[in-house]
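1. Got a predicted structure here, sequence first:
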Amino acid sequence: MKNNNDFEISEVLSSRVLKLEESPTFALEQKADKIDADLKKDGNYVVRFGIGQPDFNTPQNIKDAAKKAIDENKTKYTASTGIRVLKEAIVQKLKRDNGLDYSVENIFTGNGGKQVLDVIMRAFLNPGDVAIVPKPYWVSYPQQVILSEGIPVETDFNKYLKIDVSHLKSIVNKYTGKIKLLILNSPNNPTGAVYNREELEAIGNICLKNGIFIISDEVYEKFIFGNLKHHSIAGFSSELKKITLTVNAVSKTYAMTGWRIGYIAAERQIISQITKIQDQSTSNPCTPAQWAAVEALTGNQDSVEIMRKEYEKRRDYIYDRLNRIKGINCPMPEGAFYAFPEVSFYYSGSIKNSFDFSNRLLEEAFVAVVPGAPFGDDRSVRISYATSMDKIEEGMNRIEKFCRNR
């Protein structure tokens, strides 16, 4: 028998934690940091297409609102789910931008989009419950399901990198009575795909018929290109509104990733239950950041369109450059700030998968991209074009040379 000091740490940690995977985005950044530090000694650098973070600064009016809040000593605890004035601003925003009618009691604010998604998982999932996670997906979705002891079940995608509705129906039939949630992300991370109204209605009807609640992650809603429009599925009918949790944040829209303000709009009964989780875990989001978010949602919106136009210009350039490279196929991103090119043409020899491709690209060409496997598609890699045009041009030159030398 082992004594008290004779054990492996893994023997005492929870099984759900041990099942979790390391974030590939942050792992890549750590590796890129090490290589970058050495390169800078010789005047070189890593071109970073990895982390999904706007390269713009937070607009000045938003920063000023935070400074004002601090000067006015608005730095204490608030209600667990946020100040009323922020919830009122969110209500106004949802009506103005999404055609959604909610009251303050329908709003929950938390510590960024990722945290509010985690709260939803914990509120809904019992051990063994199924959450449908359509491929390609943001890397944290299935991991958060696992952390809440649920089962993430993936659905295939069609040629447009969107949910294959026929496969979704087969999954629903297979797991009848076990499915609690479906995660919908439009514009999509990692592909940039944007769902049109008809596509959303088809998915919504399946969920309605089968009692499946929808998490509609709309954090990239303001970054849509061409003549496409964003649609909030909760606005299609009162029935869909009842089963939809609309998730958003100020992070991407206002270049406020570090401010950590996300929110949920949903039925009051749901909000009251997830509030209990926040009461007993993080409590309120950062107080000055809440006041900054009020200004972001209600103040001048010019910065949003400036960013959108710049992302569209970068999208056009990177799409054109990628598709000129032999063997690479990149669907046109319709929104967000990601491209998701298929690079499996170059899988041979020591490059067997998207991890190998990404590692070799970083080590040989000093370009950081994220492997597609953690997003549900090992044939591809994710490229974030939330960086300057000069770095995009340099990065594409390096990728082109890397592929030409294979």
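-> It's in.

2. show me where pLDDT drops low in the stretch 251-400 of the chain?
-> Under the criterion pLDDT under 70, no range of the stretch 251-400 of the chain is flagged.

3. What segments of it are helices?
-> 268-279, 287-298, 302-324, 354-360, 389-404 (DSSP state H, counting those that start in this stretch).

4. Looking at those, which one is packed in the most?
-> Across the helices of the stretch 251-400 of the chain, averaging neighbours per residue (mean count of other C-beta atoms under 10 Å) puts helix 287-298 on top, at a mean of 24. Just so you know, the C-beta spots here come from the backbone N, C-alpha and C atoms, and that holds for glycine as well.

5. Quick one: residues in contact with that one.
-> Defining contact as C-beta atoms under 8 Å, 6 or more residues apart in numbering, one finds that helix 287-298 is touched by 58-59, 61-66, 68-70, 74-78, 82-83, 85-86, 89-90, 92-93, 109, 250, 253-254, 256, 259-261, 284.

6. Now do the end-to-end distance for stretch 141-158.
-> In stretch 141-158, first residue to last residue: 20 Å (C-alpha to C-alpha, to the nearest Å).

7. what about it, average pLDDT?
-> Computed over stretch 141-158, the mean pLDDT rounds to 97.

8. And for stretch 75-90?
-> 98.

9. which one of the helices of the stretch 251-400 of the chain lies closest to Arg382?
-> helix 354-360 (9.2 Å; C-beta to C-beta).

10. The closest one packs against which elements?
-> Helix 354-360 sits against strand 370-371, strand 381-384, with contacts defined as 3 or more C-beta pairs under 8 Å, 6 or more residues apart in numbering; DSSP states H and E.

11. need these in TSV with mean neighbour count, can you?
-> Shown next, in TSV, are these (neighbours: other C-beta atoms under 10 Å):
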stretch	mean neighbour count
strand 370-371	26
strand 381-384	26
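
12. Please produce a markdown table containing the ones you listed, extended by distance to Lys209.
-> Shown next, in a markdown table, are the helices and strands packed on helix 354-360 (distance: least, C-beta to C-beta, whole Å):
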| stretch | distance to Lys209 |
| --- | --- |
| strand 370-371 | 36 |
| strand 381-384 | 33 |
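
13. To Asp217, which of the ones you listed lies closest?
-> Closest approach to Asp217 among the helices and strands packed on helix 354-360 (C-beta to C-beta): strand 381-384, 16.3 Å.

14. and that closest one, what does it pack onto?
-> strand 338-339, helix 354-360, strand 370-371.

15. Tell me which of those approaches Ser380 most closely.
-> Closest among the helices and strands packed on strand 381-384, once you apply C-beta to C-beta, is helix 354-360, at 6.5 Å.

16. So what touches the closest one?
-> 28, 31, 343, 346-347, 350-351, 368-373, 377-381, 402.

17. picking that back up, would you turn the helices and strands packed on strand 381-384 into JSON lines with distance to Ser237?
-> Listed next are the helices and strands packed on strand 381-384 as JSON lines, based on distance: least, C-beta to C-beta, whole Å:
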{"stretch": "strand 338-339", "distance to Ser237": "31"}
{"stretch": "helix 354-360", "distance to Ser237": "39"}
{"stretch": "strand 370-371", "distance to Ser237": "37"}
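
18. wait, which of those is closest to Arg406?
-> Across the helices and strands packed on strand 381-384, closest to Arg406 is helix 354-360 (C-beta to C-beta), at 9.3 Å.

19. Export the closest one to CSV, keeping only CA atoms.
-> Output in CSV follows, covering the C-alpha atoms of helix 354-360 (Å, rounded to 0.1, in the frame of the first residue of the first chain):
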residue,chain,number,x,y,z
SER,A,354,-1.4,19.9,-39.8
PHE,A,355,0.8,19.9,-36.7
ASP,A,356,3.8,18.8,-38.7
PHE,A,357,3.1,21.4,-41.4
SER,A,358,2.7,24.2,-38.9
ASN,A,359,5.8,23.2,-36.9
ARG,A,360,8.0,23.0,-40.1
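
20. centre of the chain versus that helix, how much separation?
-> Here helix 354-360 is found 22 Å from its chain centre; the criterion is C-alpha atoms, centre = their mean, to the nearest Å.

21. what's the spacing between Glu22 and Val91?
-> 38 Å (C-beta to C-beta, to the nearest Å).

22. swap in Lys401?
-> 51 Å.

23. Check Glu21 too.
-> Taking C-beta to C-beta, one finds Glu21 at 37 Å from Val91.

24. Which one of those two is surrounded by more residues?
-> More neighbours surround Val91 than the other of Glu21 and Val91, with 20 against 12 (other C-beta atoms under 10 Å).

25. quick one: secondary structure of the more buried one?
-> helix (DSSP: H, G, I helix; E, B strand; the rest coil).

26. my guess is Ser216 is in a strand, correct?
-> Yes: applying three-state DSSP, one finds Ser216 inside a strand.
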